[in-house]
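Q: Sequence below, structure please.
(4 chains)
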Protein chains: 4
Amino acid sequence: MIKVAILGATGYTALELLKILARHPQSDVVALTTRQTRNPPVTEVHPSLTGLFDLPCEDLSHEEVGRRADIVFCALPHTASMDAVPQLLDSGCRVIDLSADYRLDDPGVYEKWYGHVHTDPTRLKSTVYGLPELFRDQIPDADLVANPGCYTSTSILGLAPLLAEGFIEPNGIIIDAKSGVSGAGRTPKQGTLYAECNESVTAYGIGNHRHTPEIEQILSVVSGVSVSVAFNPHLMPMDRGILCSMYPRVRTTASVDEMMAACREFYSGQPFVRVVEHIPATKHVAYTNYCDISVRMNRDQLVVFSATDNLIKGASGVAVQNLNLMLGLDQQTGLI
Amino acid sequence: MIKVAILGATGYTALELLKILARHPQSDVVALTTRQTRNPPVTEVHPSLTGLFDLPCEDLSHEEVGRRADIVFCALPHTASMDAVPQLLDSGCRVIDLSADYRLDDPGVYEKWYGHVHTDPTRLKSTVYGLPELFRDQIPDADLVANPGCYTSTSILGLAPLLAEGFIEPNGIIIDAKSGVSGAGRTPKQGTLYAECNESVTAYGIGNHRHTPEIEQILSVVSGVSVSVAFNPHLMPMDRGILCSMYPRVRTTASVDEMMAACREFYSGQPFVRVVEHIPATKHVAYTNYCDISVRMNRDQLVVFSATDNLIKGASGVAVQNLNLMLGLDQQTGLI
Amino acid sequence: MIKVAILGATGYTALELLKILARHPQSDVVALTTRQTRNPPVTEVHPSLTGLFDLPCEDLSHEEVGRRADIVFCALPHTASMDAVPQLLDSGCRVIDLSADYRLDDPGVYEKWYGHVHTDPTRLKSTVYGLPELFRDQIPDADLVANPGCYTSTSILGLAPLLAEGFIEPNGIIIDAKSGVSGAGRTPKQGTLYAECNESVTAYGIGNHRHTPEIEQILSVVSGVSVSVAFNPHLMPMDRGILCSMYPRVRTTASVDEMMAACREFYSGQPFVRVVEHIPATKHVAYTNYCDISVRMNRDQLVVFSATDNLIKGASGVAVQNLNLMLGLDQQTGLI
Amino acid sequence: MIKVAILGATGYTALELLKILARHPQSDVVALTTRQTRNPPVTEVHPSLTGLFDLPCEDLSHEEVGRRADIVFCALPHTASMDAVPQLLDSGCRVIDLSADYRLDDPGVYEKWYGHVHTDPTRLKSTVYGLPELFRDQIPDADLVANPGCYTSTSILGLAPLLAEGFIEPNGIIIDAKSGVSGAGRTPKQGTLYAECNESVTAYGIGNHRHTPEIEQILSVVSGVSVSVAFNPHLMPMDRGILCSMYPRVRTTASVDEMMAACREFYSGQPFVRVVEHIPATKHVAYTNYCDISVRMNRDQLVVFSATDNLIKGASGVAVQNLNLMLGLDQQTGLI
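A: Got it, this is the predicted structure:
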């Protein structure tokens, strides 16, 4: 049994991690952290975990976490994570970081989009990006894995095969992304109150959403050329799920069927990407680690659909998928 | 044109008041207040009012409000209201208070349930309770009207005819009340986040919800004997609407049809209570000032249903109904 | 008072028409039709209308409707409408047709997209398209007005100013449209069951949605050149509302501010289009006849947002706006 | 590996069964039936199962099902089930019947509430009622298990300990039950359309809901005296979940703490009932096989809360719990 800790245990990604780990046969959760100093039981913070876990959320030092755990899921906010990760690694833990702090290669890009100087810049280039469908070979030996953003992995998984095969232009790809509200986190804000979000659809962060450079960086790696996107996130009145409707320009005479075949080939042997004939729906992937992908032609315009559960394949599910690879287990352990 | 002000203009009840006043032919909104000192335009605070109102929310003194307005809707939190109301009345305004501060007759009861000493206790006994279906004659001449709570008026309107006619026992009436989330207000709290409330039904405030003494006080007035209730509020995953399913004990041989007839008679000439054959649904009254009522017998157990829109008939609609009565207008002005 | 009839009174558009007409001072509803032969009261079909209307839904001949009414709202399904309209016009009524039957100019286009031969083709060219913001001058004298589709008017209102001013390319405009479920009608289908749509976002009708030729026809009239769009409708887990996120290619050096100014100028004097600084949200226009529009630049990609309530500005509200123009009333009568 | 079949594979309970069986290590799904004769792949009927199952839904005879399977989940509508079950048993299968056909002991009661003569009456008395928390000892050797109704098991699990201990009166127990829409099934009906149910709370089936006699029968067995309930189901705008708020009359001087202790004792060793300090919420049990229970005193009125996921603990989860017991497996196999 591997000893696992979660830093930042009070949010939604930690909750989903714990639900998955409850059915994972090789992990033992040994520490949960919070900045609340009264050490609330995890079942008070997350009542749905009653009967599954019986430990407190504690205000632990990184050293103490390092003493207890073999692998740490770091679910801290950005900037808090780049403070914790070096200490955790120094204490001998391996780390799966769910924040944005280690996703970007370039500290200048990080500073531009996140508004903070990166305090651990030398580690950026060598950190493995934890999207197993693209970087599976690098994950087993990694000590630090940067878990992808939810919009990011959903967008990338839909576009990667088409870019890799040269079917679409690498610049100016329009992404119209639609997300459930859980993606906005558990901190109280007026904008994510029930009575504000329910019965409402709107856009936000047009031109400045932080997943933009992450999508571009990884797609540029995949395609070998510089990729640019116009990323347009929208908030949907639902708990969970992301649907990306993506509009790239075609540069091929290949048919939609040929593109679908190329997608199938690209994800051959990857259990969590399903290239489907129907149009993906968030409901079909909710509470699963699947990403559903399909391609359509609307007159002359190619449309690529990609759907995930933002908390599972978009966060905690892929984190456990990374854990499995780091432990040499079947990728699907605990995830079906 | 009557000059109208709203104190506490940033919340949901103020928004609904403004939507109704936009179609009200006799009112002119002259002042909106907030504690925000930068004087935001009301259309920034409530974008849905764009094109309907063009004035700022201001951090005004009660004296200034009194100078500008003839009638003030006070949509402040409890305790803030009992500070403002005396000053507003002194300045010559008439006041419709949407808080709980003037609903209860007894300052001791207020202190027990609200945890604060009442600072304007002498006015309590003489304040008119603004439920027009019961106290219509007292409202036209009132300078201060205490607008009822949302659960309160919904419960009372369903039970009043049956108590007045002696069909049901006055004690131990079980009220299972179901409310949409807008009733919890616009202040950010974890418990009213979308991702907490959506896809969830639960109860809260069992035994200590503050609408309890208000329901009992008014029903005791109606029936002439002391009434007690077990009030059980529940939170529903919807924006707006209250359904009260009420379980009194019967003390009559009258049939359900006779009780329905008595309800119809009781509300004869009252345009906003509809005694309906079908079971009321919140959707049928949403965005209206109606209260729908019906009575059923489930084996030996009487069931009384009552439904309103918590923000309209439960707050801002009945407030305008009171305004109309205070101005000598048709009750329905602006409310159809 | 103008005598008004509604053909096809059991659906959602008829319900919304009736809610609006209940507050319209110049109309008297004299006939409601259904194919149900038992003549159910309209309050049984639509319980929310209790107390507002007291007439049955009847299985009336078009002649009988013509005898009773001055103006008829035809809310029948397509193909049924082109059967009814000639008879209604012959009987001397004026008609506002909410179906698709008279929206397209070309019977061949109709046949291609709707799969039926048009049986009243000669009337197509002369029928006025009932979008007052574009064709206001033609509506007052029309005997037959084709009320626009919901996606259609939302898309057109956002794009028309930019096309008219030559700011954007007329071909290949990508429209990512997001609609609430009420747009799919009240006929029971598995695809619109609550448990299918809730917590789900998906696309449908990619490449074959029937609002495509309607959008193109009207935008071509506006711009004077042939316009083509890639229209991509999506279903959202909410009752009502449409948000169109539109991605045209820019062909100007004008700034976003200049485009916003042009939009304001274009809709000057039009009370129901609001050009807003914030990003439109369906909640801001729900239960209103407003269309909110805004323009953004996302890096090099122009994004045009347009939001309506699909049942009001997208159907029944604009129908009453047309009624008002046909009667020489203020456009806003009954619609604030 | 046990060979498993599901009769009636197109509905929601079958979908949930398949999701659970996908992670169940001891079962092999060998047959799925439908009345559709074109043999659609199960992944077309339920796209969310893509990658998990690869077999068709077939129009199979009961004999053929019997040849293929060891255990059959019968998810047919009532009356269809009592036709199928005898044939399945004759062919040597063991059966878990999810319909209502074998839940009631008395064919007269069945006929009264379901409106059909029972065609297999002799088997009723001997059929095991598949609520493991009450009848765990009878299930392992049963050939036929009647899986409980969703409202039924939720109500029973909350009340059983209090009745068994004599804390509450057995007659006139008021049950105010609140269910998500998935409980109404997947057959298209106007009443379960999204645009009808969303933003609406209402009651239905007052006095005639078919779960009434089932609740009374089982609670009478538990308590040893005749139990009567007033069962009041309500429809909530959510996919899944049941909350029962139950109002029995107390006949004890025991405190709430003592009642809670008695509940804990009663369910000692039962992994799927959680007696919790907080008020249960449907969200805490959604997508799980848990039933959460708690007891409160609201002045003099006892309130018992009980929450489940209607499709899991209320249907497919408890069906697999029964399967596990019938196979001699740990009850929790596949259910965490």
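
Q: okay, CA-based contacts and neighbour counts for the rest of this
A: OK.

Q: can you list contacts of stretch A:34-46?
A: Residues outside stretch A:34-46 that contact it (C-alpha atoms under 8 Å, 6 or more residues apart in numbering or on different chains): A:7-10, A:15, A:49-50, A:53-60.

Q: The same query, at a cut-off of 6 Å, please.
A: When contacts are defined by C-alpha atoms under 6 Å, 6 or more residues apart in numbering or on different chains, stretch A:34-46 is touched by residues A:8, A:49-50, A:55-59.

Q: Tally up the residues packed near the residue nearest to residue A:214 when sequence neighbours are not counted, please.
A: The shortest distance from residue A:214 to any non-neighbouring residue, by C-alpha to C-alpha, 6 or more residues apart in numbering or on different chains, is to residue A:104 (6.3 Å). Neighbour count for residue A:104, taken as other C-alpha atoms under 10 Å in any protein chain shown: 21.

Q: So what does residue A:104 look like in phi/psi?
A: Dihedral angles of residue A:104 (phi, psi; degrees, to the nearest 10) stand at phi -90, psi 140.

Q: Residue A:193 too?
A: According to degrees, to the nearest 10, residue A:193 has phi -60, psi 150.

Q: What about it, how many residues nearby?
A: Neighbours of residue A:193 (other C-alpha under 10 Å): 26.

Q: pLDDT score for residue A:37?
A: We have a pLDDT of 87 for residue A:37.

Q: if I look at it, how far off is residue A:59?
A: 6 Å (C-alpha to C-alpha, to the nearest Å).

Q: Could you tell me which residues of the stretch 201-336 of chain A lie near chain B?
A: Residues of the stretch 201-336 of chain A found near chain B (C-alpha under 6 Å from any C-alpha of the partner chain) are residue A:239.

Q: And the strands in the stretch 201-336 of chain A, which stretches?
A: Assigned by DSSP state E, counting those that start in this stretch, the stretch 201-336 of chain A shows strands spanning A:202-203, A:229-235, A:242-247, A:273-275, A:291-298, A:301-308.

Q: Please apply the same query to the stretch 1-150 of chain A.
A: Counting by DSSP E, counting those that start in this stretch, the strands of the stretch 1-150 of chain A are A:2-7, A:27-33, A:57-58, A:71-74, A:94-97, A:128-129, A:144-146.

Q: how about a markdown table for those, with distance to chain C, mean neighbour count and mean pLDDT added?
A: Formatted as a markdown table, the strands of the stretch 1-150 of chain A follow (distance: least, C-alpha to the nearest C-alpha, whole Å; neighbours: other C-alpha atoms under 10 Å in any protein chain shown; pLDDT from 0 to 100):
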| stretch | distance to chain C | mean neighbour count | mean pLDDT |
| --- | --- | --- | --- |
| strand A:2-7 | 28 | 22 | 98 |
| strand A:27-33 | 30 | 21 | 98 |
| strand A:57-58 | 30 | 23 | 98 |
| strand A:71-74 | 28 | 27 | 98 |
| strand A:94-97 | 28 | 26 | 98 |
| strand A:128-129 | 26 | 24 | 98 |
| strand A:144-146 | 27 | 26 | 98 |
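
Q: Relative to chain D, which of those strands is closest?
A: strand A:27-33 (14.7 Å; C-alpha to the nearest C-alpha).

Q: Now a PyMOL select for only the buried ones of the contacts of stretch A:34-46.
A: Per 16 or more other C-alpha atoms under 10 Å in any protein chain shown, the buried members of the contacts of stretch A:34-46 correspond to this PyMOL selection:
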select buried, chain A and resi 8+49+50+56+57+58+59
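
Q: circling back to that earlier point, compare the strands of the stretch 1-150 of chain A and give me the one nearest chain B.
A: The nearest among those, by C-alpha to the nearest C-alpha, is strand A:57-58 at 18.0 Å.

Q: Quickly compare the strands of the stretch 201-336 of chain A and say which is most buried.
A: strand A:242-247 (a mean of 29; mean count of other C-alpha atoms under 10 Å in any protein chain shown).

Q: Let me see the confidence value for the residue in the stretch 201-336 of chain A that chain B sits nearest to.
A: Proximity to chain B, evaluated over the stretch 201-336 of chain A using C-alpha to the nearest C-alpha, is greatest for residue A:239 at 5.4 Å. We have a pLDDT of 97 for residue A:239.

Q: Now the nearest residue to it once chain neighbours are set aside. Its backbone dihedrals?
A: Nearest residue to residue A:239 in three dimensions, chain neighbours excluded: residue A:180, at 4.9 Å (C-alpha to C-alpha, 6+ apart). Reported as degrees, to the nearest 10, the phi and psi values for residue A:180 are phi -70, psi 170.
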